[in-house]
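[1] Pasted the sequence and its predicted model underneath.
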Amino acid sequence: MMLPSHTFRSALLACAAATLPLSWASAAEPIRIVFQNGRSVPISSVALQGDKLTITAAFESFTPGQSFPLAMADHVFGEKPAELNPGIALLLMGKPADALKLLEPIVAAQRITAKIPGNFWLDAARASLVAHAVNGNSAKCVEIGKEISDATPAQGIDPFVSLGKALLLPASTSAEDRQVALGDLTTDNLPADVCAYAAFYRGNLLSELKRDPDPAKALQQNAAALEAYLMVPCIYPSGGMVLNSVAELRAAEFLVTLDRREEAVALLNSSLREATGTLVAEEARKRLESLK
């Protein structure tokens, strides 16, 4: 169901107003695993051996050879890897191969933390799965999908596996069926990040469709794509700031063509704030300059 223009306007302006300026900070110290007793150790000084964490390098009161049950790890502490957000931005801006150059090293370096709360591995691994799906690499999707599901056993097969399958549908699949597959992944019973990725790629699919020669029908097609993009920051904002920012960037394109400049500027400013330090921010800045 298409939302009326005034509903779009209210929703996106509310989203933009609610967004606070944020920036990506560089890691000030090594990422650590914090145990239940409060002691912590850098992940570079630990190896995962079965269901145990083994100290591989002396650190403070830890000595090489000591082992601790993985269940004793309480959470991961530290700044998000500096390459994670730029990697996700590259993926969403249509550069999956470049994205993987940033994401895969994080997946490898953070793998030891995959089952520990607060880890950065899951975000990088899930984005990598999406990148491989966009590249059409089903084998890598299966491989990393199993790793993700093993790291999140409580929910069975991770929903990102279904997202990967939807993105891997062959070119012979009708556009309508591809839309349905992605739309089925924007439901309340799925995690916000899955829904956000699905809505974003559904927006991409809708925006790429050949426009109907009938102006009224072409307008409906544009409205459908705009709605899909706005779902990301307005319905699934917790899916990720980079996702929000790229969806806002895409939505702003449609708003400009509809001569809704004020709303487009609001979204571009929000995109700029949310994606500082990525190529998304650079693109948002350029488009803001062009609207002056």
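    In hand now; what should we look at?

[2] buried set for stretch 34-53?
    Using 16 or more other C-beta atoms under 10 Å as the test for burial, stretch 34-53 gives 34-35, 39-43, 45-46, 48, 53. C-betas here are computed from N, CA, C, even on glycine.

[3] so which of these comes closest to residue 237?
    The shortest distance between residue 237 and any of these, using C-beta to C-beta, involves residue 34 and amounts to 28.0 Å.

[4] and the closest residue to residue 246 other than its chain neighbours, what are its phi and psi?
    Of all residues beyond its chain neighbours, the one nearest residue 246 is residue 92 (4.2 Å), with distances taken as C-beta to C-beta, 6 or more residues apart in numbering. Dihedral angles phi and psi of residue 92 (degrees, to the nearest 10) take the values phi -70, psi -20.

[5] mind listing the helices for the stretch 51-200 of the chain?
    In the stretch 51-200 of the chain, helices defined by DSSP state H, counting those that start in this stretch lie at 84-92, 96-110, 121-134, 138-151, 159-167, 175-183, 192-208, listed in chain order.

[6] TSV for these, including mean neighbour count, distance to residue 259 and mean pLDDT?
    What follows is those, written out as TSV (neighbours: other C-beta atoms under 10 Å; distance: least, C-beta to C-beta, whole Å; pLDDT from 0 to 100):
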stretch	mean neighbour count	distance to residue 259	mean pLDDT
helix 84-92	26	26	96
helix 96-110	19	33	97
helix 121-134	26	32	98
helix 138-151	17	41	96
helix 159-167	22	33	97
helix 175-183	16	27	95
helix 192-208	22	18	96
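
[7] Out of the helices and strands in the protein, which is least certain?
    Ranked by mean pLDDT, DSSP states H and E, the helix or strand of the chain with the weakest confidence is helix 5-18, at a mean of 46.

[8] next SSE after that one?
    With elements assigned by DSSP states H and E, the helix or strand that comes after helix 5-18 is strand 32-35.

[9] so residue 145 sits right up against residue 128, yeah?
    No: if you go by C-beta atoms under 8 Å, residue 145 and residue 128 don't touch, sitting 10.3 Å apart.

[10] Distance check, the residue nearest to residue 246 against residue 73.
    In this view, residue 92 and residue 73 are 31 Å apart by C-beta to C-beta, to the nearest Å.
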